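[1] Here is my input, please return the structure:
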Amino acid sequence: MKNKNSSVIKNWAIIGTITVIICISIGLFFYNSYFRQTNAQLIETVPTDASFIFQVNDNRTFVQDITPLLPYLNEIMDLKSLPGFEFFMEQLQVVKNEFIISGHLNGDQYTILYSCKINENQFDQLIKNLEIDPRNYISFNENKIYNFGTHYKKFNFTYHSGLFTISENIELLKKSIAQLESTKNLLEHQNFKKIFEIITKNKKQNWLIVNNGTFFGGLHQFIKPEYHTFVAQIAKTPLWSAYQIRFNENEISMMGYSVVEEDFQKTYDQQPSQQNLFGSILPFNTTFYATLNTPNPVEFNKGFQNMRVYSQTLDNYNKILPIKTTYFSTSLDSTSYYYVAFQIDTNKTNISSFTNPDSLNSKNIYSINATNLSSIYPLINNRFKSELLAYFIKYKDYYIFSSTKEALIYYLKVIPNNNMESSPYYRFAKSNLPSEFTYEFFLSTSTSHKWEKYFIKDKHKMKIYNDLKLITYSYTQPANQLISVNFFIKF
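    Next comes the predicted model:
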């Protein structure tokens, strides 16, 4: 009898356990299929392969300000469908609602997805306004996909779980539906979540979120291979970036943050952001510069000591120990000269350690000295081309190196006449970038320097190619694997 009661209790325990598991499973199913989806954020509709995402909190301002710049943005982001989306927003009478635009690479082009929150009555009214037969739809995962437009431009759209989603590409729309039903979305990625938490604290601004690896990698199709380094530098370190973005006639300014990897944090966390007043050492016709502050050069160099690719560079850097480095170029007709300028603490660096004792002084007002140094990757970054530090001069507080005497002689001829501080582009850039930084990048055009140097030939008809004047970029000392980043673009 005792064994029989024990067996009954055991059976009921098994049945009870199974019942609890089934109830939990049913609860999780209904939570995922109803409660979680109906309370989902717009970002949860975005497939995880997005290269860029606009989080638009102020629709009227966004559309009004972006319109003059759409001819340029269309060339790199394929936003030609934005006016069509705005048509739907007007039909829905939700022009004040926040919405999301996401770009997804499809070969060399982007397909665009738009999402905003509406209620079911608004969607039903949209179907009536567009005179669409409600029975004429494509079914996908129990959702109805409608289309509207002509053979020239047709939009596919759906309403699911309180969200209105639209795209010209029906496969992308289906991915968005499946994405919302999935429990794994962009917010599951810690690097993205870190960035998105910043965005949720400021919903008064419009934001651009960028997957740096895929977005900047996508720009390679426009640029000659030898200049991929300019965009690769940006894509190299950050994982995701989020920028408050503003459009003003012919200007785009972006201020925000980028997530960086732990190795980047360790390398730069002892290099405080500083002012770097170097404009007076750059000739007026400087078309490009990249500058880096390393107030603790010994610690900075240690971050690269286990990287074989930098062994020769470090041999040179350990002799120089620069506290500031500026890599720049000037152009004379079709000839480009490259220079590396170091600011050095002479209490810690022995100048004679890298000076060739047999060096003969030139007849210039500044002596041109030969060195016993070799080639380096400027800023200890192999995304830049290697530069031979064969000769140097001292100008003001900087030691300026180049591969040839000819380059330094040219520098000495032009620098006394005018420097970058007189350049309207330089002044414009500095007024839009923070006064203190760790890294700063500048690239501009001029009457003697056109973009054909950088763009591949079949892209010369692009509006960006013909109208782009200036690109600047800077970031500050990292903290908690985040760097503060500023972009400024002028057409």
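[2] where are the low-confidence patches of the stretch 251-400 of the chain?
    Scanning the stretch 251-400 of the chain for pLDDT under 70 picks out 359-366.
[3] mind listing the strands in it by residue range?
    Assigned by DSSP state E, counting those that start in this stretch, the strands in the stretch 251-400 of the chain fall at 251-260, 286-293, 322-332, 335-344, 369-370, 375-376, 387-388, 391-395, 398-402.
[4] cool, and the stretch 1-150 of the chain?
    Using DSSP E, counting those that start in this stretch, strands in the stretch 1-150 of the chain cover 52-56, 99-106, 109-117, 138-140, 143-149.
[5] what about those, which gets the closest to K193?
    strand 52-56 (13.6 Å; Cβ to Cβ). Glycine gets a C-beta too; all of them are placed from N, C-alpha and C.
[6] pLDDT averaged over that closest one, what's the number?
    Mean per-residue pLDDT for strand 52-56: 95.
[7] Paired strands for it, with orientation please.
    strand 99-106 (antiparallel), strand 207-211 (antiparallel) (DSSP bridges).
[8] for these, which one ends up most surrounded?
    strand 207-211 (a mean of 24; mean count of other Cβ atoms under 10 Å).
[9] And the contacts of it?
    50-55, 57, 192, 195-196, 199, 216, 239-245, 254, 256 (Cβ atoms under 8 Å, 6 or more residues apart in numbering).
[10] Then stretch 271-281?
    291, 293-296, 299-300, 324, 326, 341, 343, 395-396, 398, 400, 415, 419-421, 426, 430, 434-438, 440, 476-477.
[11] What of stretch 110-130?
    42, 45-47, 51, 77-79, 81-82, 85, 88-89, 91-94, 97-104, 134, 146, 148, 159, 162-169, 172-173, 176.
[12] and K266, which of the strands of the stretch 1-150 of the chain is closest to it?
    Here strand 52-56 is closest among those (Cβ to Cβ), at 28.6 Å.
[13] Would you agree F215 is in contact with S51?
    Yes - if you go by Cβ atoms under 8 Å, F215 and S51 touch, sitting 4.5 Å apart.
[14] and the two? which has more neighbours close in?
    F215 (23 against 20; other Cβ atoms under 10 Å).
[15] Confirm the more buried one sits in a helix?
    Yes - counting by DSSP: H, G, I helix; E, B strand; the rest coil, F215 is located in a helix.
[16] For it, give its distance to S423.
    Noted for F215: a distance of 29 Å to S423, by Cβ to Cβ, to the nearest Å.
[17] would you turn the strands of the stretch 251-400 of the chain into a markdown table with distance to F222 and mean neighbour count?
    Formatted as a markdown table, those follow (distance: least, Cβ to Cβ, whole Å; neighbours: other Cβ atoms under 10 Å):
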| stretch | distance to F222 | mean neighbour count |
| --- | --- | --- |
| strand 251-260 | 17 | 21 |
| strand 286-293 | 17 | 23 |
| strand 322-332 | 20 | 21 |
| strand 335-344 | 20 | 20 |
| strand 369-370 | 40 | 18 |
| strand 375-376 | 29 | 20 |
| strand 387-388 | 25 | 17 |
| strand 391-395 | 35 | 21 |
| strand 398-402 | 29 | 24 |
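[18] Kindly reformat the ones you listed as JSON lines containing distance to S273.
    Compiled in JSON lines, these are given as follows (distance: least, Cβ to Cβ, whole Å):
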{"stretch": "strand 251-260", "distance to S273": "14"}
{"stretch": "strand 286-293", "distance to S273": "7"}
{"stretch": "strand 322-332", "distance to S273": "12"}
{"stretch": "strand 335-344", "distance to S273": "15"}
{"stretch": "strand 369-370", "distance to S273": "32"}
{"stretch": "strand 375-376", "distance to S273": "23"}
{"stretch": "strand 387-388", "distance to S273": "25"}
{"stretch": "strand 391-395", "distance to S273": "25"}
{"stretch": "strand 398-402", "distance to S273": "20"}
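[19] Mind checking those for the one nearest to Q305?
    Nearest of these (Cβ to Cβ): strand 375-376, 14.8 Å.
[20] How far does that closest one sit from its chain's centre?
    28 Å (Cα atoms, centre = their mean, to the nearest Å).
[21] and it, what other elements does it pack with?
    Where contact means 3 or more Cβ pairs under 8 Å, 6 or more residues apart in numbering; DSSP states H and E, strand 375-376 is packed against helix 311-320, strand 387-388.
[22] try 6 Å this time
    The helices and strands touching strand 375-376, judged by 3 or more Cβ pairs under 6 Å, 6 or more residues apart in numbering; DSSP states H and E, number zero.
[23] No further queries at this time; thank you.
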